[in-house]
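# please work out how this folds:
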Amino acid sequence: MAAKARFLMLAVSTLVCLSAVAASAFDVPSVAFDEGFTPLFGDDNLVRSRDDRSVRLLLDRRSGSGFISSDYYLHGFFSASIKLPRDYTAGVVVAFYLSNGDMYEKTHDELDFEFLGSRWGAQWRVQTNVYGNGSTDHGREERYLLPFDPTLEAHRYSVLWAPTHVIFYIDDTPIREVIRHPDMGGDFPSKPMAVYATIWDGSTWATDNGKYKVNYKYAPFTSQFSDLALRGCRVDPALRVSRRHDGADDCGLLGLVTADYAVMTPQKRAAMRAFRARHMTYTVCYDAMRYAAGPFPECDNSDEEKASFSAWGESKTVVMRQRARGRRRGRRAGAKARAEVASS
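Numbers count the residues shown, from 1 in each chain. The predicted structure follows:
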């Protein structure tokens with residue numbers, strides 16, 4: 001009973017914190033597609049709305065699709081409202097991210113929202129990544145479930161990238177903060193990046209480590225991006241780092257780091273902790289199997305929190321709840337399928 005009571009209290013506190021933060025949405029104007037972006041690949045699978053304020057990205061047997069910002073940025077706030085594909089989406093990856101991989105092939109930086117598709121009866125998962133200077137071999141990944149169905153309506157996903165820290169937001173609720181630590185060295189993203197949105201076939205890894213593949217019987221898989229926001233310092237990515245930093249204040253860096261979305265208030269920190277306790281399924285900070293030398297310097301670990309994670313970084317409580325829900329959904333989906341067969 002005590003464990004159940006603590007669970008109910010946590011659920012209530014999560015909803016209260018989420019509501020308090022969501023009530024004060026960030027005032028960041030959106031841009032039309034032509035004002036800030038250009039198609040990247042799969043042109044036939046990139047469908048723009050008549051008013052140019054939203055874009056649908058499709059994945060089918062021929063191709064995925066994607067777009068890229070027209071400019072590179074050195075720090076900023078970047079946001080999009082995203083609606084994910086419905087039904088069976090195993091192997092499908094939808095991504096909204098910053099990267100400079102085209103400019104720095106072996107030393108690229110990256111900040112990601114990756115949405116990983118699901119089989120019948122399971123949920124979409126969200127993964128955030130922080131890579132600096134080509135550090136993908138010791139990447140800083142985290143994964144989460146969502147407290148809503150991301151296929152029913154669009155939800156806002158945002159990245160704040162400042163010289164001192166990074167914050168990932170879902171619907172104006174912070175879900176992850178990475179504070180730059182001196183020992184991170186080049187692992188903290190510091191070179192200009194472009195903003196990307198893509199959908200593609202990630203069958204080799206996206207769903208249960210590649211166990212479930214994309215089934216094109218259910219194609220096309222359609223994602224929708226709207227409310228595209230770009231607030232940052234536009235730069236020439238070929239410039240040297242020192243010259244970029246010299247001119248950073250001319251781009252309103254002070255305004256960026258003092259904006260509401262860049263400041264972690266006690267209320268937002270409480271909302272973040274509640275979200276993570278309720279929905280985070282994996283964090284690199286507790287993955288002792290992958291990183292035996294210990295956690296990354298920026299990890300704010302505690303013995304109490306560590307006890308709720310497995311040695312490979314999975315949350316014991318969240319994953320157990322996820323599996324129980326998955327079994328219930330699987331039974332309901334199976335019953336529905338059998339009923340449809342019986343009635344046909």
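# keeping just the C-alphas, turn stretch 40-58 into CSV.
C-alpha atoms of stretch 40-58 as CSV (Å, rounded to 0.1, in the frame of the first residue of the first chain):
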residue,chain,number,x,y,z
LEU,A,40,16.8,18.0,-48.0
PHE,A,41,15.8,14.7,-49.6
GLY,A,42,12.7,12.7,-50.8
ASP,A,43,11.1,15.8,-52.4
ASP,A,44,8.0,13.8,-53.6
ASN,A,45,7.5,12.7,-50.0
LEU,A,46,7.7,16.3,-48.6
VAL,A,47,4.3,17.9,-48.8
ARG,A,48,3.9,21.6,-47.8
SER,A,49,0.6,23.1,-46.7
ARG,A,50,-0.9,25.9,-48.8
ASP,A,51,-0.1,28.5,-46.3
ASP,A,52,3.5,27.2,-46.0
ARG,A,53,3.2,26.9,-42.2
SER,A,54,3.4,23.1,-41.9
VAL,A,55,5.1,20.2,-43.7
ARG,A,56,4.2,16.5,-43.9
LEU,A,57,7.2,14.1,-44.2
LEU,A,58,6.4,10.7,-45.6
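# may I see the buried residues of that stretch?
Residues of stretch 40-58 classed as buried: 40, 42, 45-46, 48, 54-58 (neighbour count, 16 or more other CB atoms under 10 Å). In this view, the C-beta of every residue, glycine as well, is placed from N, C-alpha and C.
# with stretch 296-316 instead?
Using 16+ other CB under 10 Å as the test for burial, stretch 296-316 gives 296, 298, 305, 309, 313-315.
# repeat that for stretch 205-225.
Buried, per 16+ other CB under 10 Å, within stretch 205-225: 206-207, 212-214, 220-225.
# returning to what we had before: the buried residues of stretch 296-316 in strands, which ones?
Counted as lying in strands by DSSP state E, out of those, are 313-314.
# tell me which of the buried residues of stretch 296-316 is nearest to residue 193?
Of all these, residue 193 sits closest to residue 298, with 19.2 Å by CB to CB.
# state the pLDDT value of that closest one.
At residue 298, the pLDDT value in this model is 92.
# distance to residue 153 and secondary structure for the buried residues of stretch 40-58 - can I get that in TSV?
Formatted as TSV, the buried residues of stretch 40-58 follow (distance: CB to CB, whole Å; DSSP: H, G, I helix; E, B strand; the rest coil):
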residue	distance to residue 153	secondary structure
40	25	strand
42	24	coil
45	22	helix
46	21	strand
48	20	strand
54	13	strand
55	16	strand
56	15	strand
57	17	strand
58	19	strand
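# before we move on, back to that, from the buried residues of stretch 205-225, pick the one nearest residue 161.
residue 225 (18.8 Å).
# switch the buried residues of stretch 205-225 over to CSV; also include distance to residue 235, secondary structure and pLDDT.
Output for the buried residues of stretch 205-225, formatted as CSV (distance: CB to CB, whole Å; DSSP: H, G, I helix; E, B strand; the rest coil; pLDDT from 0 to 100):
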residue, distance to residue 235, secondary structure, pLDDT
206, 33, coil, 96
207, 37, coil, 96
212, 41, coil, 96
213, 40, coil, 97
214, 37, coil, 98
220, 36, coil, 98
221, 34, strand, 99
222, 34, strand, 99
223, 29, strand, 99
224, 30, strand, 99
225, 24, strand, 99
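# ok, those vs residue 138, which is closest?
Nearest member of the buried residues of stretch 205-225 to residue 138, counting by CB to CB, is residue 206, at 20.8 Å.
# so where do the strands sit in the stretch 201-344 of the chain?
Assigned by DSSP state E, counting those that start in this stretch, the stretch 201-344 of the chain shows strands spanning 221-235, 280-287, 312-314.
# packing partners of the longest one?
Counting contacts by 3 or more CB pairs under 8 Å, 6 or more residues apart in numbering; DSSP states H and E, the secondary-structure elements packed against strand 221-235 are helix 33-36, strand 54-59, strand 72-83, strand 92-99, strand 155-161, strand 194-201, helix 253-258.
# what angle separates that strand from strand 155-161?
Using axes from the mean of the first three to the mean of the last three CA atoms, to 10 degrees, the direction of strand 221-235 lies 30 degrees away from that of strand 155-161.
# next, the angle strand 92-99 makes with strand 221-235.
Angle, strand 221-235 to strand 92-99, by the same axes, to 10 degrees: 0 degrees.
# ok, so of the buried residues of stretch 40-58, who is nearest residue 265?
Closest approach to residue 265 among the buried residues of stretch 40-58 (CB to CB): residue 54, at 31.1 Å.
# what pairs with that closest one across the strands?
residue 226 (DSSP bridges).
# ok, it touching residue 226?
Yes: Residue 54 lies in contact with residue 226 (CB atoms under 8 Å); the separation is 3.7 Å.
# low-confidence regions, the stretch 1-150 of the chain specifically.
Low-confidence segments of the stretch 1-150 of the chain (pLDDT under 70): 1-25.
# could you redo the last one with a cut-off of 80?
Applying pLDDT under 80 to the stretch 1-150 of the chain picks out residues 1-25, 136-139.
# with the stretch 201-344 of the chain instead?
Along the stretch 201-344 of the chain, the model assigns pLDDT under 80 to residues 238-252, 293-294, 301-305, 312, 317-344.
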